[in-house]
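Colleague: model the following, please.
(one chain, ligands or ions: 1)
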Amino acid sequence: MTETRLRTWTHSVGYGLATVFIFALALQNLRYGFYPLFYLAAGLAALTAAGLMYTIVSRKYQLAAAGHLLILAGLNSALLAAMLVTSTAGISHWIMPLLLLNLLILPLRYGLMLSLLLLAPTAALLFLRLPTADALTIISGAFILLAVAVLYVWHYDHMAQSAEDLAIIDPATGAHNGRFLDEALHKEISRAITIGHRFSVIHLAIDHASEATDLHGTAPMQALRRDLTRHLFGVIRAGDTVYSLNNAEFFLILPFTAEEGVRVIAERIRRTISESRWPVTGKVTVSLGCTTRVNSDTLADSLRTRADTAMHKARKRGGDSVWFSPAKPSQP
Ligand SMILES: Nc1nc2c(ncn2[C@@H]2O[C@H](COP(=O)(O)OP(=O)(O)OP(=O)(O)O)[C@@H](O)[C@H]2O)c(=O)[nH]1
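Modeller: Predicted coordinates:
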């Protein structure tokens, strides 16, 4: 199930249950003749029902649906206003389901902010109107509920992020893994076609990697790949991304970088790696093949092949060098 679908389902169930619950409260109050509470509950139920409708209408862009904040801010404000104008202490319990709804539907930061904005004045009101022990019982209950819900949502977000990281990160180096490269390259090409910006790529290979593995063993070479990844992260700028292709090769995507730029950064990477002292292996050199996307590059494959060819040309010059392969001029 996609995240958008999951959110649509949980939001619908959350709003749906809240509507049924608040509507039942409204009927109960109507039955006993508590008309102000009946009108309040009916108004709140109308708002949660509106939330349900909004979820269904905006189901395709549920992750970015900003209207939920307005609906929940309306619900929170309506309950707060009702607590201010009525003296019925019983409705303070109504904040409990609202706290859960805030956290279930909004991103954690907004849900927590809105809940605290509701809880703080509620606490002040309760301490003014009720005996301290009663006010303390209600407010501590609400805070415990909020804390448990926040921890639960935070835990879910954290698990979802870890699962996503596992799918796209190479655990040995901390760089993105090769499986994710085609998807990322395809996205960058689509972005370049839409925005019209230039971007470049680099295929980097460690020189004499198989001889070094035979000489030093697999574990030190693994450590070297991790150190090289860290080095690359230190040299490139934010927004550039690194992919670990196999035991001795990396790929870099450099958004908003034209030919002159990729030549500068590739040369900087080559020089800084060659000038550094590396544990176990001592000196390390790399061959870098780079290229810049042109309008005829609509597939990830064409860029990967050109960068790979450029890397082999750099290697043929004896390694420790950079080669730039331009795109072939398109046929008239
Ligand atoms: N994508 C990318 N391009 C770089 C990087 N470093 C340099 N470049 C490119 O090389 C050009 C010249 O870089 P520098 O010689 O560092 O000069 P600069 O004007 O200080 O570069 P910036 O302030 O990094 O833009 C930049 O405009 C970029 O196009 C990098 O880390 N990543």
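
Colleague: which strands or helices does the helix or strand containing residue 192 pack on?
Modeller: Taking DSSP states H and E as the definition, residue 192 sits inside helix 178-195. With contacts defined as 3 or more CB pairs under 8 Å, 6 or more residues apart in numbering; DSSP states H and E, helix 178-195 has these neighbours: helix 132-168, strand 241-246, strand 249-254, helix 300-316. To be clear about C-beta, it is placed using only N, CA and C from the backbone, and glycine gets the same treatment.

Colleague: let's see 10 Å
Modeller: helix 132-168, strand 200-206, strand 241-246, strand 249-254, helix 300-316 (3 or more CB pairs under 10 Å, 6 or more residues apart in numbering; DSSP states H and E).

Colleague: so the third one, near the ligand or not?
Modeller: No: using CB under 6 Å from any ligand atom, strand 241-246 stays clear of the ligand, coming no nearer than 10.0 Å.

Colleague: report the contact partners of the closest residue to residue 284 other than its chain neighbours.
Modeller: Closest residue to residue 284 in three dimensions, ignoring its sequence neighbours and counting by CB to CB, 6 or more residues apart in numbering: residue 278, at 4.8 Å. Residue 278 makes contacts with 220, 223-224, 227-228, 231, 284, as judged by CB atoms under 10 Å, 6 or more residues apart in numbering.

Colleague: counting neighbours, which of the residues you listed comes out on top?
Modeller: residue 228 (24 neighbours; other CB atoms under 10 Å).

Colleague: surely that one and residue 274 touch.
Modeller: No: if you go by CB atoms under 10 Å, residue 228 and residue 274 don't touch, sitting 12.0 Å apart.

Colleague: what residues are shared contacts of those two?
Modeller: Contacts common to residue 228 and residue 274, judged by CB under 10 Å, 6+ apart, are 284, 286.

Colleague: residues of the stretch 151-300 of the chain that sit close to the ligand?
Modeller: Going by CB under 6 Å from any ligand atom, the residues of the stretch 151-300 of the chain near the ligand are 236-237, 240, 254, 257, 261, 264-265.

Colleague: let's see 8 Å
Modeller: By the rule CB under 8 Å from any ligand atom, the part of the stretch 151-300 of the chain lying against the ligand is 200, 235-237, 239-240, 254-258, 260-265, 268.

Colleague: and those residues, which of them are buried?
Modeller: Buried residues within those, counting neighbours by 16 or more other CB atoms under 10 Å: 200, 236, 240, 254-255, 257, 261-263, 265.

Colleague: what's the distance between residue 68 and the ligand?
Modeller: Plainly put, residue 68 is 37 Å away from the ligand if you go by CB to the nearest ligand atom, to the nearest Å.

Colleague: contact partners for that residue?
Modeller: 7, 11, 15, 51, 54-55, 58, 62, 101-102, 105-107, 110-111 are the contacts of residue 68 under CB under 10 Å, 6+ apart.

Colleague: what of residue 320?
Modeller: By CB under 10 Å, 6+ apart, the residues touching residue 320 are 207, 270-271, 273-274, 283-288, 314.

Colleague: just the contacts of residue 68 now: which is nearest residue 216?
Modeller: Nearest to residue 216 among those: residue 107, at 47.4 Å, using CB to CB.

Colleague: other SSEs contacting the helix or strand harbouring residue 288?
Modeller: Take DSSP H and E as the rule and residue 288 turns out to sit in strand 286-292. Here strand 286-292 touches strand 200-206, strand 249-254, helix 259-275, helix 300-316, strand 322-324, going by 3+ CB pairs under 10 Å, 6+ apart.

Colleague: tell me the most buried of these?
Modeller: strand 200-206 (a mean of 25; mean count of other CB atoms under 10 Å).

Colleague: mean confidence (pLDDT) on the helix or strand residue 20 falls within, please.
Modeller: Using DSSP H and E, residue 20 sits within helix 3-31. Averaged across helix 3-31, pLDDT comes to 89.

Colleague: show me what counts as buried in that helix.
Modeller: Buried-residue list, helix 3-31, by 16+ other CB under 10 Å: 7-8, 11-12, 14-15, 17-19, 21-23, 25-26, 29.

Colleague: ok, now stretch 103-116?
Modeller: 103-106, 110-112, 114-115.

Colleague: stretch 67-82 now?
Modeller: 68-69, 71-73, 75-76, 78-80, 82.

Colleague: the helix holding residue 192 vs helix 300-316, what angle?
Modeller: Calculated by axes from the mean of the first three to the mean of the last three CA atoms, to 10 degrees, helix 178-195 forms an angle of 110 degrees with helix 300-316.

Colleague: neighbouring contacts of helix 178-195?
Modeller: Contacts of helix 178-195 (CB under 10 Å, 6+ apart): 167-170, 176, 197-199, 201, 241, 243-246, 249-251, 253-256, 293-295, 297-304.

Colleague: chain center to it, what's the gap?
Modeller: 17 Å (CA atoms, centre = their mean, to the nearest Å).

Colleague: out of the buried residues of helix 3-31, who's nearest residue 135?
Modeller: Nearest to residue 135 among the buried residues of helix 3-31, with distances taken as CB to CB, is residue 25, at 21.9 Å.
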